[in-house]
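Trainee: Predicted model and sequence follow; I will ask about them next.
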Protein chains: 2
Amino acid sequence: MTTDTVEKAVSKTLLLDGRKITISGIAKGSGMICPNMATMLSFIATDADVDAAFLQQCLSDAVEDSFNAITVDGDTSTNDACVLIATGKAGNKALDSNSAGAATFVAELNALCLHLAQAIVRDAEGATKFVTVSVAQAQSKAEAKKVAYTIAHSPLVKTALFASDPNWGRILAAVGRAGVEQLDIAGVNIFLGDVCIVRNGGVDSDYTEEQGQRVMNRHEINITVELSRGSESATIWTSDLSHEYVRINSEYRS
Amino acid sequence: MTTDTVEKAVSKTLLLDGRKITISGIAKGSGMICPNMATMLSFIATDADVDAAFLQQCLSDAVEDSFNAITVDGDTSTNDACVLIATGKAGNKALDSNSAGAATFVAELNALCLHLAQAIVRDAEGATKFVTVSVAQAQSKAEAKKVAYTIAHSPLVKTALFASDPNWGRILAAVGRAGVEQLDIAGVNIFLGDVCIVRNGGVDSDYTEEQGQRVMNRHEINITVELSRGSESATIWTSDLSHEYVRINSEYRS
């Protein structure tokens, strides 16, 4: 059985050595999604000629900030896979990290992976919201990702998103329990879209619930957290927790 | 607003120095429950005379395997608290770790804490199941708890429990992604109640879905996992993920 409901496919083209290069990818998945490259499946192919070691490095890097930066339910699957095939049929000079076209190839590959990864979240089981969680001013990227995933996995945050409820307390509570050592709550700022809801650990003095409600009513919502601890950041993408998610995963045999 | 629906209170009595001692406790909480003694509240009082340092040690130990071993939704609250007060009014000789009655006092306190902690899970928001997750043969208690919490927090396991669905694959997948280093899947056994569903990492050859279904239809369900890695174990208590949980947490303002 599959619960995929939309096509997840994208192509990118670029020029290398005067040759038109195509990179195409497809993906599947909408539940049991918290990839750690191990049910999500993605297959990407290009006609470019690319050095094998460089190709692997490009894919590993691209996956880190795309497929490995999405979560629907936190349930990492047993068999996530992302495969990248380069046929060399385009006839370009074999690409490696020193090639003039390397940066362009990497940029297009990264954009393609991000498109497919976000497509999985847009098709998340039962989802009514597409949510971007960005955590900035962390001491490390791992710390930023940990805070972002704690917010993204919180059933209380996810049900608030489903309800279009600007419940800043649930977001702030998730930041607090994320396991950041010696977090100074006075340094925490939280934004819903462009609206500051929490400033220096407390409700922003200019915040009104109407402002938060306006952002929460949207289908696409950005949550941004600043930790005031460093200069590292991470962004992940997730969905809300709806009645439909519970129905799909409790009645899937019916 | 509170979503507590049942009384969470218990008393224990014991004899110390010929004196009748009473320990009474109350608790509140049903959502945002994954205590790490920091919204769950519990107040316990005894009329025993107890040395302060010993009393603190007794409470810390009791909490570890009771309040700190339950989860409803994985959302650790910002202000869990468990307070134990000893008035000394019973007139017993002040109790410390060397007292003859220490073991009895500790046993009754532990039983009281476990009763209150389980009462919170029985009243979990939207819950239809009371689930005990035991993990045995781990290298450390922390490892056993990590595996148990990964199972208990999995939305796929929790929706399968809501559906009374003996989906052993979701439980096994949660064990696999729990982050145990060098886990040998061939050593993993999983039991639903007294029914072995997974033996040596695969479906048990004697298992039939009717057997699993019989256990899953119950209101109280035990999930036991053996890891074949060591001799440490841990038990935690949790609930299922139902439409009612989503309703309570998305419509709480209505």
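Mentor: Nice, I can see it.

Trainee: Spell out which parts of chain A neighbour chain B.
Mentor: Contact residues, chain A versus chain B (CB under 8 Å from any CB of the partner chain): A:31-32, A:36, A:73-78, A:153-156, A:159-160, A:162-163, A:165, A:170, A:173-174, A:176-177, A:241-243, A:245-247, A:249-251, A:253. Quick note: C-beta positions are derived from backbone N, CA and C, even for glycine.

Trainee: Filter those down to the ones in strands?
Mentor: Counting by DSSP state E, these place none of their members in strands.

Trainee: Helices along chain A, start to end?
Mentor: Using DSSP state H, the helices of chain A run over residues A:52-64, A:102-122, A:141-153, A:155-162, A:168-176, A:209-216, A:243-250.

Trainee: Ok, which of the ones you listed comes nearest residue B:49?
Mentor: Proximity to residue B:49, assessed across these by CB to CB, is greatest for helix A:168-176 (37.7 Å).

Trainee: quick one on the thing from earlier: highest mean neighbour count across the helices of chain A, which stretch is it?
Mentor: A comparison of the helices of chain A by mean neighbour count, using mean count of other CB atoms under 10 Å in any protein chain shown, puts helix A:155-162 on top with a mean of 26.

Trainee: and that helix, what other elements does it pack with?
Mentor: Helix A:155-162 sits against helix A:168-176, helix B:243-250, with contacts defined as 3 or more CB pairs under 8 Å, 6 or more residues apart in numbering or on different chains; DSSP states H and E.

Trainee: and the first one with helix B:243-250, angle?
Mentor: With axes from the mean of the first three to the mean of the last three CA atoms, to 10 degrees applied, the angle from helix A:168-176 to helix B:243-250 works out at 110 degrees.

Trainee: re earlier: mean pLDDT for the helices of chain A - can I get that in TSV?
Mentor: Shown next, in TSV, are these (pLDDT from 0 to 100):
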stretch	mean pLDDT
helix A:52-64	85
helix A:102-122	86
helix A:141-153	94
helix A:155-162	93
helix A:168-176	92
helix A:209-216	94
helix A:243-250	86
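
Trainee: Any chance of these in a markdown table with distance to residue B:209 as columns?
Mentor: Output for the helices of chain A, formatted as a markdown table (distance: least, CB to CB, whole Å):
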| stretch | distance to residue B:209 |
| --- | --- |
| helix A:52-64 | 37 |
| helix A:102-122 | 30 |
| helix A:141-153 | 30 |
| helix A:155-162 | 29 |
| helix A:168-176 | 38 |
| helix A:209-216 | 43 |
| helix A:243-250 | 17 |
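
Trainee: Residue B:114 is nearest to which of those helices?
Mentor: Comparing the helices of chain A against residue B:114 with CB to CB, the closest turns out to be helix A:155-162 (24.6 Å).

Trainee: who touches the closest one?
Mentor: Helix A:155-162 is contacted by residues A:128-129, A:131, A:151-152, A:166-167, A:170-171, A:173-174, A:216, A:221, A:238-242, B:31-32, B:73-75, B:155, B:241, B:245-246, B:249-250 when judged by CB atoms under 8 Å, 6 or more residues apart in numbering or on different chains.

Trainee: Tabulate the CA atom coordinates of it in CSV.
Mentor: The C-alpha trace of helix A:155-162 is given here as CSV (Å, rounded to 0.1, in the frame of the first residue of the first chain):
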residue,chain,number,x,y,z
PRO,A,155,2.8,16.4,19.2
LEU,A,156,1.7,19.6,21.0
VAL,A,157,3.4,21.9,18.4
LYS,A,158,2.0,19.7,15.6
THR,A,159,-1.6,19.7,16.9
ALA,A,160,-1.3,23.5,17.4
LEU,A,161,-0.2,23.8,13.8
PHE,A,162,-3.2,21.7,12.7
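
Trainee: by how many degrees do it and helix A:243-250 diverge?
Mentor: Using the same axes, to 10 degrees: helix A:155-162 against helix A:243-250 is 120 degrees.

Trainee: burial of residue A:46, as a residue count?
Mentor: Close neighbours of residue A:46, defined as other CB atoms under 10 Å in any protein chain shown, add up to 28.

Trainee: ok, now residue A:220?
Mentor: 11.

Trainee: Who is it paired with across the strands?
Mentor: residue A:130 (DSSP bridges).

Trainee: roughly how far apart are it and chain B?
Mentor: 19 Å (CB to the nearest CB, to the nearest Å).

Trainee: check contacts around that residue.
Mentor: A:129-132.

Trainee: In these, which residue is surrounded by the most others?
Mentor: Busiest of the contacts of residue A:220 [other CB under 10 Å] is residue A:131, holding 22 neighbours.

Trainee: Now do the same for that one: its pLDDT.
Mentor: At residue A:131, the model reports a pLDDT of 95.

Trainee: Correct me if wrong: residue A:59 contacts residue A:84.
Mentor: Yes: the criterion here is CB atoms under 8 Å, and residue A:59 meets it with residue A:84 at 4.5 Å.

Trainee: Name the residues contacting each of these two.
Mentor: With CB under 8 Å, 6+ apart as the test, residue A:59 and residue A:84 both reach A:44, A:109.

Trainee: show me the contacts for the residue lying closest to residue A:234 once chain neighbours are set aside.
Mentor: Leaving aside its sequence neighbours, residue A:234 sits nearest to residue A:144 (CB to CB, 6 or more residues apart in numbering or on different chains; 3.7 Å). Neighbouring residues of residue A:144 by CB under 8 Å, 6+ apart: A:135-136, A:138, A:227, A:232-234.

Trainee: Show me which pair in those is furthest apart.
Mentor: A:227 and A:234 (11.1 Å).

Trainee: what do these two both touch?
Mentor: Counting by CB under 8 Å, 6+ apart, the common neighbours of residue A:227 and residue A:234 are A:135, A:138, A:144.

Trainee: out of the residues you listed, which one sits closest to residue A:43?
Mentor: In terms of CB to CB, no member of the shared contacts of residue A:227 and residue A:234 lies closer to residue A:43 than residue A:144, at 29.5 Å.

Trainee: gap between that closest one and residue A:215?
Mentor: Taking CB to CB, to the nearest Å as the measure, residue A:144 falls 22 Å from residue A:215.

Trainee: now do residue A:52
Mentor: 46 Å.

Trainee: cool, residue A:167 as well?
Mentor: Applying CB to CB, the value for residue A:167 to residue A:215 is 12 Å.

Trainee: And residue A:139, by the same measure?
Mentor: To residue A:215, residue A:139 is 28 Å away according to CB to CB.

Trainee: Check residue A:50 too.
Mentor: Counting by CB to CB - residue A:50 and residue A:215 are separated by 42 Å.

Trainee: do residue A:43 as well
Mentor: Residue A:43 is 36 Å from residue A:215, by CB to CB.

Trainee: and if you look at residue A:96?
Mentor: Distance from residue A:96 to residue A:215, by CB to CB: 45 Å.

Trainee: and of the contacts of residue A:220, the nearest to chain B?
Mentor: residue A:129 (11.7 Å; CB to the nearest CB).
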